[in-house]
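> I'll drop the sequence and a predicted model, then ask my questions.
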Amino acid sequence: MNANEPQTTPDTDARHPLLGGLQDARALSSMSSEQLAEIGVEIRDVLCNLLATRTAHFASNLGVVELCLALHSEFNFLDDRLIWDTGHQIYPHKLVTGRYGQFETIRTHGGLMGYPNPAESDYDLFMTGHAGSSISTAVGLRSGDILTGHDSRRTVAVIGDGAFPSGIVFEALNNAGASQEDLTIVLNDNKMSICHRTGAVASYLDRLRNNPFYTGLKHEVGRLLDHVPMFGDPAERLLAQMKEGVKAGLLGGMLFEELNIRYIGPIDGHDIGLLRKYLKLCKETPGPVLLHVVTEKGHGYKPAAEDPVFFHTPPAFEDRGGTPVTRGSEGRPPYTVHARDAIGEVMKRDDRVTVITAAMCQGNKLEPVREHFPKRFFDVGICEAHAVAFAAGQCKSGMRPIVDIYSTFLQRSYDHIFQEVVLQDLPVVFMLDRAGLTGPDGPTHHGVYDIAYMRVFPNLALMAPGYAAELPLMLDAALAHDHPTGIRYPKASALELTHTPAPIEIGKAEWIREGEDGTIVAYGAMLEQAMEAAAALEGELSVGVVNARFVKPIDHEMVARSMADGRFAVTLEEGTIMGGFASAFLESAADQGLDTRNIHRLALPDAFVEHGDRSDLLADCSLSAEGIAETCRSAASSVSSV
């Protein structure tokens, strides 16, 4: 069988016969636009069925169904190159590239990843879980293909309007316009990131979409082209290119034209026939081309189209005649809610306090803060580096900014944490949401490196609450501290304790219980598992529990006390074992001349942790209560044998 021929498999699923018959995407090239539209209906049905079982990215995937089908019908991405920016809209792509049969496993332990994954398919080139880098990698792919003699390959980057203001995008456009190598950039414009987009670039794109003169011009030029006699494909291409050139001159497309990037559009991103026509035009146009595609986030499912913010990653729901009925929430509020409430309270008390986020108002649950303090709430878009430098400027002016960004996304601003904040010793407060394992989002989103990448900086105090009541106390302490601070907390329900928290002192731990045989020292939210493990060992071992609170400065007295009289110490953290809390504990013990053989470290491994339920992932890493208890037993045995 020729590997380059389109492949199909016998229909094994009566619910979705077209999807079920696809072995990969090459068969799409021979289908009519009407057949592709039928596949689109099946894709939307699969997506709605998925949301009946678990939370998943929804509205963004509904919005790119036609775009995905058109791309795969006009390109062969087993040879050509396709990069999906911010890859949470990858579900339709997975469904048409041979993964329909596995799709029900997506975002489950051991199943398909909810983002592109090269280990799953040759159609996926990069894990793209963050925003803005697609054009840069596409420019690099094109350059590499030319250097290696594969210059016949076509390269396509799909990027959303929410990600478009990212600084790296303009760095890439600058490079692409100078190189003049063939490249297609599809700008998927749906007026959204996760929340509604912000900033001048958003306003510019709105003008391109809504200019009434352009709308009339497009209609008239289209009608003219339909009646002008054509003399072969070259003449048709010439007229089409003339039309786009005239339009760009009349409208703001000149921003891209001045960068030597041909601007085409905007066009309807839900018209498969039109998309195929313009993608073909892009292939035949030399140099870099930007195709501006207008889509509707949540398209095809009315509730999602009407509320794309809620339906970005909604809870599991059952569709009842077009009305989604979500499952009732259960359990304790997550740390994110406690963080949000703490931010609101300090903003009531102190007019100097501001909050800055990077297109994650919904994820950080900051909508009430935005509503009550609109003049002191700043959403800078997907521009984390700018957010940090912006905070430094506010701080220098006498404000007390809180930078509320996911741990994994804050990495994108690393140099600015160094240069603009800690080097200047400015009292910016970093609140690192999603610090630790983020469950089904997987390795692109796990916030497991912040302990290691933050604690190396001078001037910076780093803390983590072990239970709900500590979080507002830590924020108060951070705002009273005239130096940079960081507070990390996970995507998890917050432990609720009935005891009165000890006062927060910078660099001081809190003892929860004493133990004669050993001590479990937990940093942050691992305190819950530490207490469960200690309780499970009662009658077998007497184990103390420490809520470490700080990784920097670490409590040296706590380190010595936890190991006094030859006791073992087991350190816990929901972060990488390299350079994290355990490393700080070991350094302190070594500096004090303590026997480091009695220290046992439990943390996430020096490897990328896959996606799955947080409790399952913790158990895999021996960080469940059972795994901790077993480590304590082993530690007690080794102490007695020394």
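Arrived safely.
> got the residue ranges for the helices in the stretch 201-350 of the chain?
212-227, 233-250, 254-257, 272-284, 302-306, 335-349 (DSSP state H, counting those that start in this stretch).
> Give me the contact list for the fourth one.
Right, helix 272-284. 33, 36-37, 40, 66-67, 69-71, 73-75, 154, 184, 237, 240-241, 264-265, 267-269, 289, 291, 293 (C-beta atoms under 8 Å, 6 or more residues apart in numbering). All C-beta spots, glycine's among them, are computed from the backbone N, C-alpha and C.
> Swap in 7 Å and give it another go.
33, 36-37, 66-67, 69-71, 73-74, 154, 184, 237, 240, 264, 267-269, 289, 291 (C-beta atoms under 7 Å, 6 or more residues apart in numbering).
> So which of those residues sit within strands?
184, 264, 267-268, 289, 291 (DSSP state E).
> Which of those residues ranks first by neighbour count?
Neighbour counts for those (other C-beta atoms under 10 Å) peak at residue 184, which has 28 neighbours.
> tell me the pLDDT at it?
The score at residue 184 is 97. That number is its pLDDT.
> bridging residues for it?
Listed beta-bridge partners, residue 184: residue 156, residue 289 (assigned using DSSP bridges).
> is it true that it touches residue 156?
Yes. Counting by C-beta atoms under 7 Å, residue 156 is a contact partner of residue 184 at 4.6 Å.
> Give me the longest strand you can find in this protein.
strand 568-576.
> ok, and what's touching that strand?
So strand 568-576 is contacted by 436-437, 448-452, 490, 518-526, 529-530, 562-563, 580-582, 585, 598-604, 606, 623, 628, 631-632, 635-636, 639 (C-beta under 7 Å, 6+ apart).
> Would you check how far apart residue 307 and residue 43 are?
21 Å (C-beta to C-beta, to the nearest Å).
> These two: which has the busier surroundings?
Using other C-beta under 10 Å as the criterion, residue 307 and residue 43 rank with residue 43 on top: 27 against 15.
> Contact partners for that one?
19, 65, 92, 95.
> what sits against residue 610?
Residue 610 neighbours (C-beta under 7 Å, 6+ apart): 442-443.
> Excluding chain neighbours, what is closest to residue 601?
residue 582 (3.8 Å; C-beta to C-beta, 6 or more residues apart in numbering).
> Quick check on that neighbour: phi, psi?
Here is the backbone geometry of residue 582 (degrees, to the nearest 10): phi -60, psi -40.
> And for residue 169, the neighbour number?
Quick note: residue 169 (other C-beta under 10 Å) scores 25 neighbours.
> Touching, it and residue 133? I think so.
No. Judged on C-beta under 7 Å, residue 169 makes no contact with residue 133 at a distance of 8.5 Å.
> Residue 434 contacts residue 491, correct?
Yes. Counting by C-beta under 7 Å, residue 434 touches residue 491, with 4.8 Å between them.
> Comparing those two, which shows the higher neighbour count?
In this view residue 434 and residue 491 are compared by other C-beta under 10 Å, and residue 434 has more residues nearby, 28 against 23.
> Next, the closest residue in space to that one that isn't next to it in sequence: phi, psi?
Using C-beta to C-beta, 6+ apart and skipping residues adjacent in sequence, the residue nearest residue 434 is residue 406, 4.3 Å away. Phi and psi for residue 406, reported as degrees, to the nearest 10, are phi -60, psi 150.
> Point out where the stretch 501-642 of the chain drops to low pLDDT.
Across the stretch 501-642 of the chain, the ranges flagged by pLDDT under 70 are 640-642.
> Kindly report the same for the stretch 101-250 of the chain.
In the stretch 101-250 of the chain, residues with pLDDT under 70: 192-199, 202, 206, 208-250.
> taking the contacts of strand 568-576 one by one, which sit in strands?
518-522, 599-604.
> Distance to residue 143 and neighbour count added to those residues, as JSON lines?
Formatted as JSON lines, those follow (distance: C-beta to C-beta, whole Å; neighbours: other C-beta atoms under 10 Å):
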{"residue": "518", "distance to residue 143": "56", "neighbour count": "27"}
{"residue": "519", "distance to residue 143": "55", "neighbour count": "29"}
{"residue": "520", "distance to residue 143": "52", "neighbour count": "32"}
{"residue": "521", "distance to residue 143": "50", "neighbour count": "28"}
{"residue": "522", "distance to residue 143": "48", "neighbour count": "31"}
{"residue": "599", "distance to residue 143": "49", "neighbour count": "21"}
{"residue": "600", "distance to residue 143": "48", "neighbour count": "20"}
{"residue": "601", "distance to residue 143": "43", "neighbour count": "17"}
{"residue": "602", "distance to residue 143": "44", "neighbour count": "25"}
{"residue": "603", "distance to residue 143": "39", "neighbour count": "24"}
{"residue": "604", "distance to residue 143": "35", "neighbour count": "24"}
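> Fine by me, thanks again.
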